[in-house]
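# The sequence and its predicted three-dimensional model are supplied below.
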There are 4 protein chains.
Amino acid sequence: MSTPNIHGIIGYTITPFSANGEQVDLAALGRSIDRLIDSGVHAIAPLGSTGEGAYLSDAEWDQVSEFSIKHVAKRVPTIVSVSDLTTAKAVRRARFAEAHGADVVMVLPASYWKLTEAEILAHYRAIGDSVGVPIMLYNNPATSGTDMSVELILRIFNTVDSVTMVKESTGDIQRMHKLQLLGDGQVPFYNGCNPLALEAFAAGAKGWCTAAPNLIPQLNLALYEAVLANDLNTARALFYRQLPLLDFILKGGLPATIKAGLSMTGLEAGNPRLPVFPLGDAGHSQLQGLLTALR
Amino acid sequence: MSTPNIHGIIGYTITPFSANGEQVDLAALGRSIDRLIDSGVHAIAPLGSTGEGAYLSDAEWDQVSEFSIKHVAKRVPTIVSVSDLTTAKAVRRARFAEAHGADVVMVLPASYWKLTEAEILAHYRAIGDSVGVPIMLYNNPATSGTDMSVELILRIFNTVDSVTMVKESTGDIQRMHKLQLLGDGQVPFYNGCNPLALEAFAAGAKGWCTAAPNLIPQLNLALYEAVLANDLNTARALFYRQLPLLDFILKGGLPATIKAGLSMTGLEAGNPRLPVFPLGDAGHSQLQGLLTALR
Amino acid sequence: MSTPNIHGIIGYTITPFSANGEQVDLAALGRSIDRLIDSGVHAIAPLGSTGEGAYLSDAEWDQVSEFSIKHVAKRVPTIVSVSDLTTAKAVRRARFAEAHGADVVMVLPASYWKLTEAEILAHYRAIGDSVGVPIMLYNNPATSGTDMSVELILRIFNTVDSVTMVKESTGDIQRMHKLQLLGDGQVPFYNGCNPLALEAFAAGAKGWCTAAPNLIPQLNLALYEAVLANDLNTARALFYRQLPLLDFILKGGLPATIKAGLSMTGLEAGNPRLPVFPLGDAGHSQLQGLLTALR
Amino acid sequence: MSTPNIHGIIGYTITPFSANGEQVDLAALGRSIDRLIDSGVHAIAPLGSTGEGAYLSDAEWDQVSEFSIKHVAKRVPTIVSVSDLTTAKAVRRARFAEAHGADVVMVLPASYWKLTEAEILAHYRAIGDSVGVPIMLYNNPATSGTDMSVELILRIFNTVDSVTMVKESTGDIQRMHKLQLLGDGQVPFYNGCNPLALEAFAAGAKGWCTAAPNLIPQLNLALYEAVLANDLNTARALFYRQLPLLDFILKGGLPATIKAGLSMTGLEAGNPRLPVFPLGDAGHSQLQGLLTALR
């Protein structure tokens, strides 16, 4: 399997809704994708946590997936999150994404019942057997309820040919160390924890999966470039500069904070779906202050 | 709101699937409901964790909900779990259940993004505003990812009129103590943690929500009756007798173990939906041994 | 080894200090022991957590140990906590206690460095080889930093002849279930978690190790008697009656709250040793209120 | 208070014992100190976790403290860990260390009973009021049982003049971020978690407190120098080279592994005190292999 060279800043898209929350606003989605690409991100990732993928109906999911891929139009690679609770549904989504031109599919082992290692491996194998595009394995126990050990991740990586990349979002840097050591430096890993951006790059992460470029793309990109330039002092300074905003969007919830931030910059994307609240007044002021300080 | 008197052994139903896993097997579901009622359970609870509610399509969910309520036919109260990721979908399910005759709806604040207390309260209020039947609030952080403090539960209980019962499944007996003390003994609570059955009754739980009556209804009922008879020694002996089985079905996963156990007693209910595996050979032998020892 | 029949309410003593905190006040200690025995407790346990054993110099520890055993004078059994950080020091304490007439020694695997299972087993074996009195193994990760699994506890119980009793203070009732099931009902276990008193007895605990009898002995004893009388309803009512006080002394810290409570009833026992603070004014009022309500 | 410039590699000493484990072997201690200083470490820290300070009698502690300070003889600063369970004892140790020439004292809020924030603050204040040397506040919940939040650490830092440095050993890099952001970059922090060495420096740690220089001083120093030279790529390569050894000594226990490693290089330091075991045969082989690979 030829894997596209996924690296650098991988920008997560939100899913804009109409004012009443009932329809997806594809025009706004298109504008948000264009902004991200124009700012220089190295890849686009629709339908992740930020994209409220879990809150969409199947029809909506298909609509957003198809539209996003077409709108990116290969300007950069598109990485579509195809996670779903049953293996059958995740396979369906993976096939759909591939059929519509996704370059990579991302798979989180979403669960209701805790899954055994054998069940998780079989889930990845079933998806891998169903598509020809590479899979980015995604570990995020905070949202999936399932924490994959590094040993399990490497077992899947070594067993399922399509799994060629690992996104680690536990926020525990030791996982990346272990991936590097036990994987003999052959396992490309990506950081999904915003406040770990500096250290993940220090530890050798190949990319940073983040919704922050919707709001502060230049700072995100500059951090990556400083790392590429082997300039730790600059990277550290850039990281601490953007850290308050990274902390804010994480703690405030990505859909709510990113949608609010986009609205402040003229891109109306609606609210998150209930039960998730939109950003409140206090949060609005705080976000406005953070954005102003970074301009 | 007049709340039906929910108490005692509340039996959870599985959702049987056809051999290929694609269709719901309503005939088998009917037989499993009849067994539970004939054995003497005090209420029936379809579409809970055991019922793989999270793994069904909306159409399947409706089908199982409608069929279950009709099949119970008021022989005992029916408590339908209507949890869903968005408030809109949970409201829809609650209305559907009510319209088809459910006596109670059970609501777990399922989440992908962590919810704030205000978001959880609003979620319950929205559902409460939409239906006329009582709501059993359900706390189970292991499956929902959201742990509601006793203080929050009481706030919801005191704010949303329809919320008249609490199902606690953390397995932490101190939560029940706190519900009892802070709720001035006015909050009916139910235990959802099988290996806590004895102590929850000791602490004053009004009922035990469990899938175990699919396999060992007499032992479950006898434990409750010993408690009603104020006979702690008998209750303790009955509890320790059934505890190995209760531990087994919890650790092995309820859908897999209950379906396997039903099959051993002549009721074929198919397999759980992937990625959840059916019970393996070793588990089968162990379960057979446990059931034999209890006969 | 003949084990004295340790059961029921096992009362923990505080270690009274002089007003400047520098000397142990043996006269006050004697009075507190007399109170406990006169109230009817079934055993006395000096130098436990409540007794600030960890905060005493070796000379003070010896003084309190010797005095306590002599003062109890076999009216009831004495169980001396002999835990110390090194095996050599714990052995010395165990021998000292035995030489002065202790009926049982209690051993918590105190640690600075996390201990392996082999290290913990060797620690118990070394103490067991050094004394002729029975050992009560004590598991309390909150203070020792070491959590012994039930499997490890049973291994020690089955390997070290002197270890004939288990005190469990994790507050997790499932540990007691496991001790009962895996130990075939042959392992006497004692509860060390005050707010678990009712459920531990329900689950078969042989005794309750508690500092509460310094303040409310009649309620503690009545709970035990209700359990012996197989009267769950009375036990439950008695438990909920005393639970607010049990919660209070646990959360407020046993040395501070028990010493304050003793002072309210005319037994001046000084303050805990710094850095532990004596009970503050708000705590005093709350404790006074709780005690008044229980009189 | 003038604080000596503590930075770079701060080497922890072991406490060598005689063959029977009963006496401290001061001659071996002197040799180990000389080795560390000759190798280039920037400071010496006796009586920390590695130095088994918690396992020594008061007389031994005094002996090791006095000897270490004299033997270092101001070649580099000496940082003496003076933690003890009671405030009075910690004050005594701090005064003793200062009287014998310590440049800095390090204080971990050791506890048996969980301490409140007010108790911890008062503990630091009492020590600060008793000595004229600066205090390095040390947070290590894994050994102390007390986890100080960044907010509490900053409150102590801002309240107690003597507290001028913070050693963070939780291994959670976000704590360092928070110290940097909330402390406006004015709080010098030091890393005490070996496998976090690279990222802590990336995040701005001023030094690395570690026992590793007993075994691989050149690699530890080279990592620090690469960071000073703003050469992230070299720092990363050096870090991954030494990481297997850093992981090994952490997981194997510092006293056992460092003493074994010293013995392999001709410096006999005896065994850790029981209940801590010396390194077993398998560990010996593994350590030998790691050291050989790094030579």
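Happy to help now that I have it.

# got the residues of the stretch 51-200 of chain A near chain D?
Taking CB under 8 Å from any CB of the partner chain as the criterion, the neighbours of chain D within the stretch 51-200 of chain A are A:171, A:173, A:174, A:177, A:180, A:181, A:195, A:196, A:198, A:199. From N, CA and C alone the C-beta is placed, and that goes for glycine too.

# and the fourth one, what is it in contact with?
Contacts of residue A:177 were listed using CB atoms under 8 Å, 6 or more residues apart in numbering or on different chains, and they are A:203, D:195, D:240, D:243.

# residues touching the second one, list them.
Taking CB under 8 Å, 6+ apart as the contact definition, residue D:195 lies against A:174, A:177, D:171, D:243, D:246, D:247, D:250.

# So which of the residues of the stretch 51-200 of chain A next to chain D are in helices?
Secondary structure from DSSP state H places A:173, A:174, A:177, A:180, A:181, A:198, A:199 of these in helices.

# Listing request: residues of chain A with sub-threshold pLDDT.
Judged against pLDDT under 70, the low-scoring parts of chain A cover residues A:1-3.

# Would you map the helices across it?
Under the criterion DSSP H, helices of chain A are mapped to A:26-39, A:58-72, A:87-99, A:117-128, A:141-144, A:150-159, A:173-182, A:197-202, A:217-228, A:232-252, A:254-264, A:281-293.

# Ok, which of those comes nearest residue B:139?
In this view, the helices of chain A are compared for proximity to residue B:139 by CB to CB, and helix A:141-144 is the closest at 18.6 Å.

# Identify the residue nearest residue A:83 in space, chain neighbours excluded?
When the adjacent residues along the chain are set aside, residue A:83 lies closest to residue A:108, with 4.2 Å between them (CB to CB, 6 or more residues apart in numbering or on different chains).

# Same question for residue A:239.
If the residues on either side of it in the chain are set aside, residue A:239 comes closest to residue A:198, at 3.8 Å by CB to CB, 6+ apart.

# And the one you found, how close does it get to residue C:73?
According to CB to CB, to the nearest Å, residue A:198 and residue C:73 sit 67 Å apart.

# ok, what's across the strand from residue A:165?
Residue A:165 has the following beta-bridge partners by DSSP bridges: residue A:136.

# Cross-check the contact I'm expecting between it and residue A:186.
No. Contact status for residue A:165 versus residue A:186: not in contact, 11.6 Å apart, counting by CB atoms under 8 Å.

# burial count for the residue nearest to residue A:83?
A count of nearby residues for residue A:108, using other CB atoms under 10 Å in any protein chain shown, gives 28.

# Equivalent analysis for the one 10 residues further on, please.
Each residue near residue A:118 was counted by other CB under 10 Å, and the total is 12.

# In contact with it, which residues?
Remark: with contacts taken as CB under 8 Å, 6+ apart, residue A:118 is in contact with residue B:277.

# next one: the one 5 residues further on
Residue A:123 makes contact with A:87, A:90, A:107, A:109, A:115, B:274, B:275, according to CB under 8 Å, 6+ apart.

# how close does whichever residue of the stretch 1-150 of chain A sits closest to chain C sit to residue A:144?
Sorted by distance to chain C under CB to the nearest CB, the residues of the stretch 1-150 of chain A start with residue A:114, at 17.0 Å. Residue A:114 is 10 Å from residue A:144, where distance means CB to CB.

# When the two are compared, which one has more neighbours?
Counting neighbours by other CB under 10 Å for residue A:114 and for residue A:144 shows that residue A:144 has the greater number, 20 against 14.

# The more buried one is in contact with residue A:112, isn't it?
No. Taking CB under 8 Å as the definition, residue A:144 is not a contact partner of residue A:112, at 10.4 Å.

# Around chain B, which positions in the stretch 101-250 of chain A sit nearby?
When proximity is defined as CB under 8 Å from any CB, the stretch 101-250 of chain A approaches chain B at A:109, A:111-116, A:118-120, A:122-123, A:126, A:142-143, A:145.

# Just name the closest of those to residue C:218, please.
Residue C:218 has its nearest neighbour among these in residue A:114, at 46.0 Å by CB to CB.

# contacting residues for that closest one?
Shown in contact with residue A:114 (CB under 8 Å, 6+ apart): A:145, A:146, B:142, B:253.

# Show the buried residues in those.
Among those, the ones that count as buried by 16 or more other CB atoms under 10 Å in any protein chain shown are A:145, A:146, B:253.

# ok, now which ones touch the last one?
If a contact means CB under 8 Å, 6+ apart, then residue B:253 has A:113, A:114, B:272, B:276 as its contacts.

# How much space separates it from residue A:73?
From residue B:253 across to residue A:73, the span is 44 Å (CB to CB).

# what about residue A:22, how many residues close to it?
Residues near residue A:22, counting by other CB under 10 Å: 11.

# How many neighbouring residues does residue A:285 have?
Counted by other CB under 10 Å, the residues lying close to residue A:285 total 11.

# Give me the distance between it and chain C.
In this structure, residue A:285 lies at 35 Å from chain C, with CB to the nearest CB, to the nearest Å as the measure.

# Repeat that for residue A:161.
Residue A:161 is 39 Å from chain C, by CB to the nearest CB.

# give me the number of residues near that residue?
Applying other CB under 10 Å, we find 13 residues neighbouring residue A:161.

# do residue A:101 as well
Each residue near residue A:101 was counted by other CB under 10 Å, and the total is 17.

# before we move on, what about residue A:147?
Taking other CB under 10 Å as the definition, residue A:147 ends up with a neighbour count of 15.

# Leaving out chain neighbours, which residue sits closest to it?
Sequence neighbours aside, residue A:141 is the residue nearest to residue A:147 in space, at 3.7 Å (criterion: CB to CB, 6+ apart).

# One more: residue A:204?
Excluding its sequence neighbours, the residue lying closest to residue A:204 (CB to CB, 6+ apart) is residue A:180, at 5.7 Å.

# is it true that the one you found touches residue A:202?
No. Because the distance of 11.6 Å does not satisfy CB under 8 Å, residue A:180 is recorded as not touching residue A:202.

# what's the distance between the residue nearest to residue A:204 and residue C:230?
Residue A:180 sits 62 Å away from residue C:230, taking CB to CB as the criterion.

# ok so, going back, and the residue nearest to residue A:83, how far from residue A:146?
In this structure, residue A:108 lies at 8 Å from residue A:146, with CB to CB as the measure.

# Same question for residue A:233.
The gap separating residue A:233 from residue A:146 is 38 Å, by CB to CB.

# now stretch A:179-194, how far from the centre of its chain.
If you compare the mean C-alpha spot of stretch A:179-194 with that of the full chain, they lie 16 Å apart, counting by CA atoms, centre = their mean, to the nearest Å.

# Please work out which residues outside it touch it.
Here stretch A:179-194 has contacts from A:6, A:10, A:136, A:138, A:140, A:150-151, A:153-154, A:157, A:164-171, A:176, A:197, A:200-201, A:203-210, A:212, A:246-247, A:249-250, D:240, D:243-244, using CB under 8 Å, 6+ apart.
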